[in-house]
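>>> need a 3D model of the sequence below.
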Amino acid sequence: MQIATLLASPARAHLDRATVESLRNAWGGGAVRWLAPGIAAEFPLAEAPDNRWQTWEALQTLGIDLVVQPEAGRRKKMLLADMDSTMIGQECIDELADMAGVGPRVAAITARAMNGELDFEGALLERVRLLKGLPESVIGQVLAERITFTPGGRALIATMKAQGGYAALVSGGFTAFTTAVAAHLGFDEHRANTLLAENGRLTGDVARPILGREAKIAALEEISGRLGLAPAEAMAVGDGANDLGMLHLAGAGVALHAKPSVAAQCDIRINHGDLTALLYIQGYAAEDFA
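Take a look at the predicted model:
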């Protein structure tokens with residue numbers, strides 16, 4: 001049995017009954033269940049339709065996301081999340097670079113790295129070198145003044161944890177940021193790279209080993225193993241090329257507002273919804289949110 005879920009941005013809440021029921025009828029689905037008025041609805045299907053992706057593309061033009069997945073096992077026991085441009089709206093290294101006066105140069109490298117055009121580790125080291133000499137105190141300033149949280153993050157983590165789930169923040173960014181973000185959102189643990197500093201200023205380097213794509217895969221395997229879970233019982237969410245390994249290994253890999261080249265490699269693509277979409281696709285209704 002498959003489940004089709006239609007999702008709109010909570011800010012717009014424009015998912016209408018006609019759209020949902022016309023698709024259900026076209027695909028011969030079962031009874032529609034509304035998870036949140038104007039935002040999310042689902043219905044069962046005997047099998048995944050052949051025209052799934054053509055339908056997905058048509059709905060994208062209406063500002064609606066569509067996810068088709070097996071019903072069995074869709075409620076996950078663990079969340080593994082990327083931080084930059086996923087749980088928060090910014091790329092932390094770009095914000096630091098802006099404060100250091102090299103913003104456009106670093107942002108261009110970041111964009112290429114997240115799109116999979118550059119080796120992640122090499123691109124990280126190249127960007128961090130450009131931060132050499134920046135006062136460590138700027139990190140606190142960026143956290144206070146520039147970082148915004150993606151809507152739905154706290155509800156996502158609190159709801160999964162209320163059902164016995166576990167949440168880990170695994171970032172190719174920096175522990176100076178994941179520490180604060182993980183605490184604010186309620187993650188159980190966090191992993192990231194450590195920016196090195198001497199005498200209150202960044203040295204332009206990070207501690208080894210560097211946490212990149214392979215480290216995210218290892219984190220999923222290690223944490224799930226420690227908890228006695230299979231990777232299939234985990235949901236992973238990210239937006240960049242360095243997230244693809246964990247997105248493919250997890251039972252549900254969600255490309256959230258991802259780079260097109262990344263989204264194209266994932267079965268679950270959320271371009272309009274926020275982080276609550278990750279609850280709706282697990283079958284949680286809005287009234288179930290913690």
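>>> those helices in the stretch 101-250 of the chain, which residues are they?
103-114, 120-129, 137-145, 153-162, 175-185, 213-227, 244-249 (DSSP state H, counting those that start in this stretch).
>>> dump the fifth one to PDB, restricted to CA.
Output in PDB follows, covering the C-alpha atoms of helix 175-185 (Å, rounded to 0.1, in the frame of the first residue of the first chain):
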ATOM      1  CA  THR A 175      30.200  23.300  16.400                       C
ATOM      2  CA  ALA A 176      30.200  27.000  17.400                       C
ATOM      3  CA  PHE A 177      26.800  27.200  15.700                       C
ATOM      4  CA  THR A 178      25.400  23.600  16.100                       C
ATOM      5  CA  THR A 179      25.800  23.900  19.900                       C
ATOM      6  CA  ALA A 180      23.400  26.900  20.000                       C
ATOM      7  CA  VAL A 181      21.000  25.600  17.300                       C
ATOM      8  CA  ALA A 182      20.800  22.100  18.800                       C
ATOM      9  CA  ALA A 183      20.000  23.500  22.200                       C
ATOM     10  CA  HIS A 184      17.400  25.900  20.800                       C
ATOM     11  CA  LEU A 185      15.500  23.300  18.800                       C
END
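>>> run a quick neighbour tally on T61.
By the criterion of other C-beta atoms under 10 Å, T61 has 7 neighbours. Every residue, glycine included, has its C-beta placed from N, CA and C.
>>> quick check, pLDDT for it.
T61 carries a pLDDT score of 97 in this model.
>>> check which helix or strand F43 maps to.
Using DSSP states H and E, F43 sits within strand 40-45.
>>> just how off-centre is the longest strand anywhere in the chain within its chain?
For the chain, the strand with the greatest residue count under DSSP state E is strand 166-174. Once both centres are worked out by C-alpha atoms, centre = their mean, to the nearest Å, strand 166-174 turns out to sit 10 Å from its chain's centre.
>>> same deal with stretch 91-100?
Centroid displacement of stretch 91-100 relative to its chain, using C-alpha atoms, centre = their mean, is 20 Å.
>>> please apply the same query to stretch 256-269.
10 Å.
>>> same thing with stretch 197-206?
Remark: stretch 197-206 is offset 29 Å from the chain centroid, using C-alpha atoms, centre = their mean.
>>> hmm, back to that, and the longest strand of the chain, what other elements does it pack with?
strand 78-81, helix 92-99, helix 153-162, helix 175-185, strand 189-193, helix 213-227 (3 or more C-beta pairs under 8 Å, 6 or more residues apart in numbering; DSSP states H and E).
>>> between the ones you listed, which one is closest to T55.
Nearest to T55, of all these, is helix 153-162, at 26.1 Å by C-beta to C-beta.
>>> what are the contacting residues of that closest one?
For helix 153-162, contacts defined as C-beta atoms under 8 Å, 6 or more residues apart in numbering pick out 76, 79, 87, 167, 184-188, 275-276, 278-279, 284, 288-290.
>>> how about A236: what's its closest non-neighbour residue?
Using C-beta to C-beta, 6 or more residues apart in numbering and skipping residues adjacent in sequence, the residue nearest A236 is A250, 3.7 Å away.
>>> what residues does the one you found make contact with?
For A250, the contact set (C-beta under 8 Å, 6+ apart) comprises L80, L220, P231, A232, A234, M235, A236.
>>> can you list the domains in this protein?
The record assigns the chain these domain ranges, following automatic domain parsing: 1-72, 75-290.
>>> chain center to the longest one: distance?
On the basis of C-alpha atoms, centre = their mean, domain 75-290 is displaced by 7 Å from the centre of the chain it belongs to.
>>> show the end-to-end separation of that domain, please.
End-to-end distance of domain 75-290 (C-alpha to C-alpha, to the nearest Å): 15 Å.
>>> what's the spacing between the residue of the chain most remote from its centre and T179?
Going by C-alpha atoms, centre = their mean, the residue of the chain most distant from its centre is N199, 35.1 Å out. Applying C-beta to C-beta, to the nearest Å, the value for N199 to T179 is 21 Å.
>>> and V20, by the same measure?
Distance of V20 to T179, given as C-beta to C-beta: 42 Å.
>>> which pLDDT value belongs to F120?
For F120, the model assigns a pLDDT of 84.
>>> pretty sure it is touching E214, no?
No. Judged on C-beta atoms under 8 Å, F120 makes no contact with E214 at a distance of 9.4 Å.
>>> and those two? which has more neighbours close in?
Neighbours of F120 and E214, each counted by other C-beta under 10 Å, are more numerous for F120; the result is 20 against 15.
>>> near the closest residue in space to A197 that isn't next to it in sequence, how many other residues are there?
Of all residues not flanking A197 in the chain, E136 sits nearest, at 4.9 Å (C-beta to C-beta, 6+ apart). Around E136 there are 14 other residues, counting by other C-beta under 10 Å.
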